[in-house]
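Trainee: Could you look at this predicted model? Sequence included:
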Amino acid sequence: MRKIILCLAFLMGLTAYAQPKQEIRAVWLTTNHALDWPEKPVMSSSDITKQQEDLCRILDGLRDANFNVVLLQTRIRGNVIYPSEIEPRSNFIFRNESYSGYDPLEFAIHACHERGLECHAWFVTYPLGMEKVNGKPNNSPVVRKNKDLVRKFQGELYLDPGDPQTQTYLLSLVREIVSKYDIDGFHFDYIRYPDRCAKFPDQDNYKKYGYKQNIENWRRDNINRFVYAAYDTVKAIKPWVQVSSSVLGMYRKIPGHTQAHWTAYSSVFQDPVDWLKKGKHDFIVPMMYYSDDLFFPFVDEWKSNSYGRYVVPGLGLYRLDRHEGGWNVSVVLDQVRYSREAGTGGNAYYRTQHLVENRKDVLDSIKTGFYQHPAQLPPITWMHATLPGTPEKPDAVQFGDLLKISWNAADGAEKLYSLYCSESYPVDTENPGNLLAARLNKTEYTLSVDRSREKGYYFLVTASDRYHNESESSQVVFFYMGSLEK
């Protein structure tokens, strides 16, 4: 891992802005049609190098802007980006199986962790792609092997949520990913019925399994049963892996609100409030790609129905494009601000490319206006609430114009570290402006010093476990910078 070099004098000169200490700052990184990454599929060994370099460049930009979560599209439409024993690899990642030893998911997880970013596997649940591909019937391996589960609807193919074997099949993929990879979260997408699904062809299964329910409630129960089973499956394997979902931006129509028409509960039979209430999700990400009265009241509605779990409004950066609405960047910034004021768990942004390309200065505006400092991730206390061990014996040693802060590792299992710095004693660890670095995976941190300034600084370290619980503070180490003899 490369050394992290920061100018201490500049950092300490910043105003302590009113940002939360704990916040989810996520991006959706899309692999479908190579929208965000990779630029081209693997045809030769040089393509592997190019894929890895491009991903590292994206992740560097996210880290430097103080983001902390990457939702990496891992299953696309009945195909995946990793070597699976169940489904084929995506053509957007691979075109030459001679290089099948390369595992993009494993590389991405490692690259994220090196940079203090969590990597969550983004999993497209029921859609399997277009009914016809290049004018011919879709004959992908998943469609061939699961013909009894596949339904044709409006030119696309879907696994039928009402068939119990669909759940069995999808859970096999969930187990494969969670067991094989060191992911930090599992993020479901399209965990719902298709749009305009009144005529979805599931009548046979409804007659077989409906048990005298009306079809709307039966469909919601089908999704709910899978959600419960998926959550329990993930937690049984690795209880620290967070489970989340992208859900429609509006749960239900708000009384007196006439504009809302496409809602999770009624339009696609998705009931995220039930998942939160029953403790079967750690957080949800409503896709709130709207503005004004289709955004602000629904943030409040989600927050009031969160049942102690986290709601993370998803913001549509693609709407900045002149073909997608031509939003002014102020629309996005107002939504970030309102999300914080409402006490949500943070924000997620669709898509990564719009951020890293800094469309309409959106990345710079978010960083300078809201993400001036790193942020820890909010704790998953309902899974584990015990504080981890405390790091010990912090030390500060100067080498020329560099200062190395080091410490002894905390006892126990794998830990990540947060480094705090303050001009005053005691160090206030609740002040986000004192958080110099979060999610460090090594027991040292190097930064530059400005010897033209005569000033002293106090440093301390805490440890965090994989549930994001933070330890007690270490002892404080003091360092005085300047050119005067000491």
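Mentor: That came through fine.
Trainee: which residues of the stretch 151-300 of the chain score low on pLDDT?
Mentor: By pLDDT under 70, the low-scoring segments of the stretch 151-300 of the chain are 258.
Trainee: what does the stretch 1-150 of the chain give?
Mentor: Applying pLDDT under 70 to the stretch 1-150 of the chain picks out residues 1-17.
Trainee: Now do the strands in it.
Mentor: Taking DSSP state E, counting those that start in this stretch as the criterion, the stretch 1-150 of the chain contains strands spanning 24-29, 69-75, 118-124, 127-130, 132-133, 136-137, 150-153.
Trainee: Name the residues linked to Val42 by a beta bridge.
Mentor: For Val42, the beta-bridge partners are Phe94 (DSSP bridges).
Trainee: Pull the number of nearby residues for the closest residue to Ile191 other than its chain neighbours.
Mentor: Spatial nearest neighbour of Ile191, chain neighbours left out: Thr125 (4.5 Å); criterion: CB to CB, 6 or more residues apart in numbering. The C-beta positions use only the backbone N, C-alpha and C, and glycine is treated the same way. Here the count is done by other CB atoms under 10 Å, and Thr125 has 23 residues near it.
Trainee: please renumber so the chain begins at 610
Mentor: Sure thing, new numbering starts at 610, so read that last one as Thr734.
Trainee: Please look at Thr734 and Pro803 and confirm they touch.
Mentor: No: the pair Thr734 / Pro803 is not scored as a contact, 11.5 Å apart, by CB atoms under 8 Å.
Trainee: that older thread, TSV for the strands of the stretch 610-759 of the chain, including distance to Ser876 and mean neighbour count?
Mentor: TSV is the format used below for these (distance: least, CB to CB, whole Å; neighbours: other CB atoms under 10 Å):
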stretch	distance to Ser876	mean neighbour count
strand 633-638	21	26
strand 678-684	23	26
strand 727-733	19	24
strand 736-739	16	18
strand 741-742	26	12
strand 745-746	29	10
strand 759-762	15	18
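Trainee: Out of those, which is closest to Trp1016?
Mentor: strand 727-733 (22.4 Å; CB to CB).
Trainee: Just checking: what are the partner strands of that closest one?
Mentor: By DSSP bridges, strand 727-733 pairs with strand 678-684 (parallel), strand 794-798 (parallel).
Trainee: Just send the ones you listed back as JSON lines, with distance to Tyr778 too.
Mentor: Converted to JSON lines, the strands paired with strand 727-733 look like this (distance: least, CB to CB, whole Å):
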{"stretch": "strand 678-684", "distance to Tyr778": "12"}
{"stretch": "strand 794-798", "distance to Tyr778": "15"}
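Trainee: and of these, who's closest to Ser788?
Mentor: strand 794-798 (11.6 Å).
Trainee: What residues sit buried inside the helix or strand just after the closest one?
Mentor: Next along the chain after strand 794-798, taking DSSP states H and E as the criterion, comes helix 812-818. Neighbour counts using 16 or more other CB atoms under 10 Å place 814-815 of helix 812-818 among the buried residues.
Trainee: Would you state the strands of the stretch 960-1095 of the chain in chain order?
Mentor: With DSSP E, counting those that start in this stretch as the criterion, the stretch 960-1095 of the chain has strands at 1001-1008, 1011-1017, 1025-1031, 1044-1049, 1053-1057, 1064-1073, 1086-1090.
Trainee: isn't Tyr1054 right up against Leu1028?
Mentor: Yes: using CB under 8 Å, Tyr1054 makes contact with Leu1028 at a distance of 5.3 Å.
Trainee: Next, show the common contact partners of those two.
Mentor: Common contacts of Tyr1054 and Leu1028 (CB atoms under 8 Å, 6 or more residues apart in numbering): 1014, 1045-1046.
Trainee: and the closest residue to Pro1035 other than its chain neighbours, what does it touch?
Mentor: Nearest residue to Pro1035, sequence neighbours excluded (CB to CB, 6+ apart): Val1085, at 7.3 Å. Neighbouring residues of Val1085 by CB under 8 Å, 6+ apart: 1003, 1034-1036, 1067-1069.
Trainee: Which one of those residues is nearest to Gly670?
Mentor: Closest approach between those and Gly670, by CB to CB: Phe1068, at 27.2 Å.
Trainee: if I look at that closest one, how far off is Lys1024?
Mentor: Per CB to CB, to the nearest Å, Phe1068 is found 18 Å from Lys1024.
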